[in-house]
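Undergrad: Sharing a model prediction with you, sequence too.
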Amino acid sequence: MVYVDDILLAGSDLSEMSALKSFLDLSFMIKDLGSVHYFWGLEVTSHPSGFLINQCKYTTDLLNEFNYSHYTPVSSQLDPTLKLTPDMGAPLPDPTSFRHLPGKLNFLLHTRPDISFAIQHLSQFLHNPCAPHMLAGLHILRYLMNDPDQGIFMPSSPSVEIYAYANSDWAACPVSRHSVTGFYIFFGDCPISWKSKKQPTIALSLAEVECRALCKVIAEVVWLTRLFTDMDLAISSPIPIFSDSQAALHIARNPVFHERTKHIEIDCHYVWDCLTSGAVSLHHVSYAA
């Protein structure tokens, strides 16, 4: 991995890595800093069974920037009783601090997938933030106070299997009634990709929302498979995709489209092509609140 003038090498063959470092040193005069501890804002801690990656320093600095030492932590990313809408409450006299907050929180998504939905929800009010929006942003900071060094554990497992989960929140936005797509992709026992994003169009049914979510996660899985193939890493097929929507799975497996699915026909055809080619397999998983 290369970022400007910083290089991170990873591999299981120590002699090959030593030879590569010697080649790079002859070409560019590099400085070997040894085992990785800090790279691009990510803190890496070695464990006998893998690596823990977090952004503890970044989180602590963010909390100190907003003078959060006298606040009490909360257990949820957003207040579940509060529905944020535009033009609610008094506009902020100086929206600068609020507009900086979602951007800084967005950088935490590298290691904190648990705040994905909260950040995408908060980012909708950047153009005209009000006092309740700022309070919601501060609520996220109070949630981060629970465990600033929480991150992602990457186990040293030999498994190279990819599997994914897809879900949606139908008509989640109380103003536009757009739905939110969410997915989570694992590589072995390690999460490698996740997203929570509002869909661009209004869905007329829950099955439609779930079909679009399946399409998004399958597209991401296909891209990851091609990436690993370029890295000479063989990924077993089909890749299992889990969803809690029986209707969406039935539509995906059914090549006959009728009037009720014409408006999502392209998404359904893409899912069907990936399914019939053996790239993915679809499985039902029970919903747990």
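TA: That came through, no problem. Residues are numbered from 1 along each chain as shown.
Undergrad: So residue 271, which state does it fall into?
TA: helix (DSSP: H, G, I helix; E, B strand; the rest coil).
Undergrad: Not counting sequence-adjacent ones, nearest residue to it?
TA: Nearest residue to residue 271, sequence neighbours excluded (Cβ to Cβ, 6 or more residues apart in numbering): residue 252, at 4.5 Å. Just so you know, the C-beta spots here come from the backbone N, C-alpha and C atoms, and that holds for glycine as well.
Undergrad: The one you found should be in a helix, yeah?
TA: Yes - under three-state DSSP, residue 252 sits within a helix.
Undergrad: so it makes contact with residue 214?
TA: Yes - between residue 252 and residue 214 there is a contact under Cβ atoms under 8 Å: 6.1 Å.
Undergrad: Any idea how many residues pack against residue 95?
TA: 17 (other Cβ atoms under 10 Å).
Undergrad: mind listing what the closest residue in space to residue 149 that isn't next to it in sequence touches?
TA: Of all residues not flanking residue 149 in the chain, residue 56 sits nearest, at 3.9 Å (Cβ to Cβ, 6+ apart). Each residue near residue 56 by Cβ atoms under 8 Å, 6 or more residues apart in numbering is listed here: 43, 148-149, 151.
Undergrad: and if you look at residue 91?
TA: 128-131.
Undergrad: Now the buried members of those residues.
TA: 129-130 (16 or more other Cβ atoms under 10 Å).
Undergrad: Closest to residue 10 out of the contacts of residue 91?
TA: residue 129 (40.7 Å; Cβ to Cβ).
Undergrad: just the helices in the chain please.
TA: Counting by DSSP state H, the segments of the chain that form helices are 14-28, 56-65, 96-107, 116-122, 131-144, 206-230, 246-253, 265-276.
Undergrad: still on that earlier bit, got the confidence number for the residue nearest to residue 271?
TA: As predicted, residue 252 sits at a pLDDT of 85.
Undergrad: Tally up the residues packed near it, please.
TA: Other residues lying near residue 252 total 26 when counted by other Cβ under 10 Å.
Undergrad: again, but for residue 231
TA: 7.
Undergrad: The one 10 residues further on now?
TA: With neighbours defined by other Cβ under 10 Å, the count for residue 241 comes to 28.
Undergrad: Residue 94 now?
TA: Residues within reach of residue 94, counting by other Cβ under 10 Å, total 8.
Undergrad: Of all the helices of the chain, which one is nearest residue 167?
TA: helix 206-230 (6.4 Å).
Undergrad: which ones are touching the nearest residue to residue 2 once chain neighbours are set aside?
TA: When the adjacent residues along the chain are set aside, residue 2 lies closest to residue 8, with 7.8 Å between them (Cβ to Cβ, 6+ apart). Residues near residue 8 by Cβ under 8 Å, 6+ apart: 1-2, 36, 39.
Undergrad: Looking at the contacts of residue 91, which one is closest to residue 166?
TA: Distances from residue 166 to the contacts of residue 91, taken by Cβ to Cβ, are shortest for residue 129, at 31.2 Å.
Undergrad: Let me see the confidence value for the closest one.
TA: Confidence score, pLDDT, at residue 129: 89.
Undergrad: For it, list the residues it contacts.
TA: Counted by Cβ under 8 Å, 6+ apart, residue 129 has contacts 91-92, 95, 98-99.
Undergrad: ok, the residue nearest to residue 287 when sequence neighbours are not counted - contacts?
TA: Nearest non-adjacent residue to residue 287, counting by Cβ to Cβ, 6+ apart: residue 244, 4.1 Å away. Taking Cβ under 8 Å, 6+ apart as the criterion, residue 244 is in contact with 167, 284-287.
Undergrad: From residue 268, how far off is the residue nearest to residue 271?
TA: 7 Å (Cβ to Cβ, to the nearest Å).
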